[in-house]
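>>> just need the structure, nothing else, for what follows:
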Amino acid sequence: MNILILSANTGEGHNGAARALYEEFRSRGVDCELVDALSLCSEKTSDTISSIYNSMIVKLPHLFGAIYRAGKIYSSTGIKSPVFIANSSQSDKLLNFINENGFTAVVCTHLFPMQTLTYLKRSGKIKIPCYGILTDYTLIPFFREVELDMCFVPHADVLEECVREGMDRRRLAVTGIPVSSGFSSGIDRAQARQLLSIADDRRVYLIMTGGAGCTYALPICNSLLSFNDPNAEIFVLTGKNKDLYNEIKREHRHDRQVHAVSFTDKVYLYMKASDVLISKSGGITCTEAAAAQIPIVHVNAIPGCETKNAELFERNGMSVRATDPANAADLAFSIANDSARSTRMRKCEAECINPHAASDIADVVMRKKRRKSKNA
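Below you'll find the model as predicted:
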């Protein structure tokens, strides 16, 4: 087998799911390649779209929400979308790349290449198995236009939403969202704290801002510090936002309780070491936290898919939603100091979220490929 994994640089979530799949296939000795689908157009196109997306979610989240709502309305009409037409126009580049590299299956974690492959499937230009992964806990705009061999969705509620919107139940499977195996590894809190040099008696708050980094972190830090808890440690993962990182370092340069952490591959350790997570509700971050079994306080969700993610997690007892940064700090302090409540939330995460989705998806892809080869 030679598997192509396609993502797109519009947020770290899609890339995180793609990396988890890459990790899983490689652990099985399967040849695979992870590619930014936008880079097949050009590196400039990928950088431009990524920059526009990141700027919008940081500076203009309500504009993103308005675009999302407009997309949902347009998607409900059943008319072929401009998004589908734009992605179809890239079909020749993607098909040539697949053929030139001899890929035997394709798995996508982003809508754009899913739509391109749908066009190729409908036109009969591609015969190899193609799969899509929905990385939010809701049916996103234009996902209903996707018609691949199988689409993997994160939750039974989302499957029913997809079916209500006209998608073929036979081509949908509830697997969860793939995350790195580190989040569900056997490393416990004490081990994680030892690896990160955090004292075992500390009450640890983890603030995550997404790959691009958002601006609610500083007021949350200040609100948490107002509780005057000498045992509190606050870690802020600022993603790729250098300005936010520098601001926190500057504002708290004399405060040993606040730690700014730039983009890191040790997110799983910070989650496992912490008592509570305060974060936006991106699909991947939600799933990683549930796999690591850390109670969640959601704040500043981007209108659209993130609000839907937060609703599902709160409905299933895995998180609480804050109205503003001060309220987020209040809720986090309450959870961190209530062991019974924390235990209930961790139990709900264990019952509701599959931490082994990457393995389950790889099983399906490899099983179907073997069957197809045998029949051929």
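>>> tell me the contacts of the nearest residue in space to residue 316 that is not next to it in sequence?
Nearest residue to residue 316 in three dimensions, chain neighbours excluded: residue 352, at 4.8 Å (Cβ to Cβ, 6 or more residues apart in numbering). The C-beta positions use only the backbone N, C-alpha and C, and glycine is treated the same way. Neighbour list for residue 352: 155, 290, 316, 317, 318 [criterion: Cβ atoms under 8 Å, 6 or more residues apart in numbering].
>>> one more pass at 10 Å, please.
155, 156, 176, 290, 312, 313, 315, 316, 317, 318 (Cβ atoms under 10 Å, 6 or more residues apart in numbering).
>>> would you turn those into TSV with neighbour count?
Converted to TSV, the contacts of residue 352 look like this (neighbours: other Cβ atoms under 10 Å):
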residue	neighbour count
155	21
156	10
176	22
290	30
312	21
313	27
315	11
316	17
317	14
318	27
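>>> between these, which is nearest residue 32?
Residue 32 lies nearest to residue 176 out of the contacts of residue 352, by Cβ to Cβ, at 19.9 Å.
>>> isn't the closest one up against residue 291?
Yes. Contact criterion Cβ atoms under 10 Å: residue 176 and residue 291 qualify, at 8.8 Å.
>>> shared neighbours of the two, anything?
Joint contacts of residue 176 and residue 291 (Cβ under 10 Å, 6+ apart) are 353, 354, 355, 356, 357.
>>> helix or strand for the residue lying closest to residue 154 once chain neighbours are set aside, which one?
Leaving aside its chain neighbours, residue 154 sits nearest to residue 177 (4.7 Å; criterion: Cβ to Cβ, 6+ apart). Using DSSP states H and E, residue 177 falls within no helix or strand.
>>> quick check: phi and psi on residue 177?
Phi and psi for residue 177, reported as degrees, to the nearest 10, are phi -100, psi 130.
>>> do you know how far residue 220 is from residue 90?
41 Å (Cβ to Cβ, to the nearest Å).
>>> neighbour-wise, which of those two wins?
Using other Cβ atoms under 10 Å as the criterion, residue 220 and residue 90 rank with residue 220 on top: 26 against 19.
>>> just give me how far stretch 135-147 sits from the chain centre.
14 Å (Cα atoms, centre = their mean, to the nearest Å).
>>> in that stretch, what's buried?
By 16 or more other Cβ atoms under 10 Å, the buried positions in stretch 135-147 come out as 135-147.
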